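1. Whatever this is, show me its structure:
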Amino acid sequence: TTDENGRGLFLVSQLSRRWGSRPIPGGKVVWAEESLAAEG
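-> Presented below is the predicted three-dimensional model:
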């Protein structure tokens, strides 16, 4: 719960446009943004 750079967050960063996390009591909140339209 205290790891800010684990494998899961690495995958989130690779698959999303923007993301972030913040600690909360008992864990953390992670948010991510993805594009709705296909790029290309």
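
2. Leu9 touches Ala32, doesn't it?
-> No. With contacts counted by CB atoms under 8 Å, Leu9 stays clear of Ala32, the gap being 9.7 Å. Bear in mind the C-beta positions are built from the backbone N, C-alpha and C, glycine included.

3. anything in contact with each of those two?
-> Trp19 (CB atoms under 8 Å, 6 or more residues apart in numbering).

4. Just want to know which of these two has more residues nearby.
-> Remark: of Leu9 and Ala32, Leu9 carries more neighbours, 17 against 14, as counted by other CB atoms under 10 Å.

5. what's the model's confidence in the helix or strand that contains the more buried one, averaged?
-> Using DSSP states H and E, Leu9 sits in helix 7-15. Here helix 7-15 scores 81 as its mean pLDDT.

6. list the buried ones in that helix?
-> By neighbour count on 16 or more other CB atoms under 10 Å, the buried set for helix 7-15 is Leu9, Val12.
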